[in-house]
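Novice: Just the structure for this:
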Amino acid sequence: MSKVLIMLTGARVWSQNDGAQRPTGFWGEEFAVPHELLTEAGVELTLATPGGVVPVVDELSLSAESNNGDADAAARFRSYLDRVSGFLGHPSRLEDIDPAEYDAVLVPGGHGPMQDLAVNADAGRILAAMLPDGAKTVAALCHGQASFLSAGDADGKWIFTGRRMTSFTDEEEHVTGLDANAPWLLESRLRAGGAEVTGGPAWRSHVVVDGNLITGQNPASGAAVATRLIEALGARKTATGADGGSDGGTATGTDTDSGTRTGTDTGTPRDAVPKGTAPAGVAPRSVEEANKAIVRRAYELAAANDLEALFEVRAADYRLTLPDGHPVPGSWTGLDANAARERIFAALGADGVTTHELVADGPHRVIALVEPTGLDGAGDRWSMLLAELFRIEDGKITEIEPFWWDIVELNRIADSRIRL
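Specialist: As a prediction, this is how the structure comes out:
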């Protein structure tokens, strides 16, 4: 079983330029989403904070305002944190952590890391031990990259100089209005230190992979960072088991909300793997569990009518295919697919969906048995079982294809009202 250290801020305040102490902590979504995906993938997790202090969530991260106005999403994150309160309530001390015991370290954000992890000697010690080791992975999200500033080598040189990464951007900080009183801005500080920092569109998922370094830009990048980390753990575990050690191969690339990945893979070639097998030796169960979690989240977002957040789990060019036998057969991509799917559900009067079962069929396919419900044209409530096939690449849904439904009931509900 792979072991991951979650390095979390213990800060309660963030010191401002004018001397004010702004309340802070860790960002709820940035902890909750990766924690859930890693747990479902069977990864053993250890939590550590400076001094072993119990971490606090930044309450702002659990507000509807900070979740695109979605009170339900904020409530889901709060509920998840409540469920794992035992884990959060008993952290280890960073001072006692032996990095040799872990396969990876993950640093979620919030402004807290800018207060403590950025200058914490033990955070630097752990990162300095793990980053140069090709058999280990360093991952961070949003402001978690502030922890990188604490890590120097034996000669006092910053170990992240020349490494490709992303972080919460200066543009995003400006949009929040917090840049004016911030003592320093993370993107600028990382770039000034010699890191090659790139950013994607504000508030969209953007992940940069540079060898054994995985970084996400903002809270929306949490699922993609966790998926990449799960893949890296599986690949290194397989390589170690086969060869008795890491082959030293690295992968570089970028994940954006378009679902595309650019860059060059060296070492273990992802694209050379035959169809139907796990990419680059990834442990299939880990990837499959992560994919199922992505599909489950897509249904939750659809049920909450959170169309903005749905863009974060679907590739920008994802395809919706309705086969022959459906009242409206056809195929759409990108925004047209989003619009078609939403118009169909609206025309059917769908107002909810229950997920009964998710079955992973290899590393890129998930079959879902769900039960949408709604009101028909006469105002009568209906429900109907539906089976859909999802294809997933790099943590994004790339295709949805319904393939089984009650055709008689569907036609009754539709009643020739759908016009696309």
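Novice: rest of the way, CA atoms for contacts and neighbours
Specialist: Will do.
Novice: Distance check, Ala304 against Asp70.
Specialist: Ala304 sits 9 Å away from Asp70, going by C-alpha to C-alpha, to the nearest Å.
Novice: Now list whatever residues contact both of these two.
Specialist: The contact sets of Ala304 and Asp70 do not overlap (C-alpha atoms under 8 Å, 6 or more residues apart in numbering).
Novice: what about the helices in the chain?
Specialist: 28-40, 71-83, 85-88, 112-115, 121-130, 170-176, 186-192, 222-243, 284-303, 307-313, 334-348, 407-414 (DSSP state H).
Novice: Enumerate residues external to the second one that contact any of its residues.
Specialist: Contacting residues not belonging to helix 71-83 are listed as 28-29, 32, 61-65, 67, 304 [C-alpha under 8 Å, 6+ apart].
Novice: Pull out the buried positions in it.
Specialist: Buried residues in helix 71-83, counted by 16 or more other C-alpha atoms under 10 Å: 72-74, 77-78, 80-81.
Novice: Check the burial of Gln16 by counting its neighbours.
Specialist: 17 (other C-alpha atoms under 10 Å).
Novice: per-residue confidence at it?
Specialist: Note for Gln16: predicted pLDDT of 94.
Novice: now it: how far from Ala182?
Specialist: 5 Å.
Novice: same check, this time on Asp317
Specialist: As for Asp317, its distance to Ala182 is 37 Å (criterion: C-alpha to C-alpha).
Novice: More neighbours: which of these two?
Specialist: Neighbour comparison, Asp317 and Ala182: the larger count goes to Asp317, with 20 against 16 (by other C-alpha under 10 Å).
Novice: Find the nearest non-adjacent residue to the more buried one, please.
Specialist: Spatial nearest neighbour of Asp317, chain neighbours left out: Gly334 (4.1 Å); criterion: C-alpha to C-alpha, 6 or more residues apart in numbering.
Novice: who does Leu358 bridge with?
Specialist: Note on Leu358: beta-bridge partners Ala368, judged by DSSP bridges.
Novice: Give me the domain ranges for this protein.
Specialist: 3-282, 306-414 (automatic domain parsing).
Novice: mind checking how far stretch 394-403 is from the chain centre?
Specialist: 17 Å (C-alpha atoms, centre = their mean, to the nearest Å).
Novice: before we move on, what about stretch 315-322?
Specialist: Relative to its chain's centre, stretch 315-322 lies at 20 Å (C-alpha atoms, centre = their mean).
Novice: Tell me the spacing between the closest residue to Thr198 other than its chain neighbours and Arg78.
Specialist: Spatially, and ignoring its direct neighbours in sequence, Thr198 is nearest to Thr166 (5.2 Å; C-alpha to C-alpha, 6+ apart). As for Thr166, its distance to Arg78 is 27 Å (criterion: C-alpha to C-alpha).
Novice: swap in Ala337?
Specialist: From Ala337 to Arg78 the distance is 32 Å (C-alpha to C-alpha).
Novice: Next: Cys142.
Specialist: In terms of C-alpha to C-alpha, Cys142 sits 19 Å off from Arg78.
Novice: next one: Pro99
Specialist: On the measure of C-alpha to C-alpha, Pro99 and Arg78 end up 30 Å apart.
Novice: Then Ala315?
Specialist: Taking C-alpha to C-alpha, one finds Ala315 at 27 Å from Arg78.
Novice: and what of Leu8?
Specialist: From Leu8 over to Arg78 (counting by C-alpha to C-alpha), the distance is 17 Å.
Novice: now Asp351
Specialist: According to C-alpha to C-alpha, Asp351 stands 24 Å off from Arg78.
Novice: Report the contact partners of the residue nearest to the spatial centre of the chain.
Specialist: In the chain, the centroid-proximal residue (C-alpha atoms, centre = their mean) is Ala223; its distance is 1.3 Å. Residues in contact with Ala223, defined by C-alpha under 8 Å, 6+ apart, are 33-34, 37, 294, 395.
Novice: same check, this time on Pro108
Specialist: Pro108 neighbours (C-alpha under 8 Å, 6+ apart): 6-8, 26-27, 30-31, 140-144.
Novice: Same check on Leu307?
Specialist: Counting by C-alpha under 8 Å, 6+ apart, Leu307 has contacts Leu301.
Novice: again, but for the one 3 residues further on
Specialist: Leu310 makes contacts with 298, 301-302, as judged by C-alpha under 8 Å, 6+ apart.
Novice: Same list, those, but as JSON lines with distance to Arg341 and neighbour count please.
Specialist: Below are these laid out as JSON lines (distance: C-alpha to C-alpha, whole Å; neighbours: other C-alpha atoms under 10 Å):
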{"residue": "Ala298", "distance to Arg341": "13", "neighbour count": "21"}
{"residue": "Leu301", "distance to Arg341": "14", "neighbour count": "19"}
{"residue": "Ala302", "distance to Arg341": "10", "neighbour count": "17"}
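Novice: contact partners of stretch 161-176?
Specialist: Taking C-alpha under 8 Å, 6+ apart as the rule, stretch 161-176 contacts 141-143, 145, 179-180, 185-188, 193-199, 202-203, 206-210, 213-218.
Novice: in that stretch, what's buried?
Specialist: 164-170, 172-173.
Novice: chain center to it: distance?
Specialist: 17 Å.
Novice: Over to stretch 165-177?
Specialist: 18 Å.
Novice: pLDDT on stretch 75-83, on average?
Specialist: 95.
Novice: so Ala350 makes contact with Gly377?
Specialist: No. Counting by C-alpha atoms under 8 Å, Ala350 does not reach Gly377; the two are 11.1 Å apart.
Novice: More neighbours: these two, which one.
Specialist: Ala350 (19 against 15).
Novice: Beta-bridge partners for Pro23, please?
Specialist: Beta bridges link Pro23 to Val13, judged by DSSP bridges.
Novice: show me where pLDDT drops low in the stretch 251-400 of the chain?
Specialist: 251-286 (pLDDT under 70).
Novice: mind redoing it with 90?
Specialist: 251-294, 296-313, 315-316, 322-330, 334-364, 370-386, 393-396 (pLDDT under 90).
Novice: Can you give me the end-to-end span of stretch 155-171?
Specialist: 34 Å.
Novice: Figure out how far that stretch is from the centre of its chain.
Specialist: On C-alpha atoms, centre = their mean, the centre of stretch 155-171 falls 21 Å from that of its chain.
Novice: quick one: Leu8 from Asp98, how far?
Specialist: On the measure of C-alpha to C-alpha, Leu8 and Asp98 end up 16 Å apart.
Novice: Neighbour count for those two, which is higher?
Specialist: More neighbours surround Leu8 than the other of Leu8 and Asp98, with 34 against 11 (other C-alpha under 10 Å).
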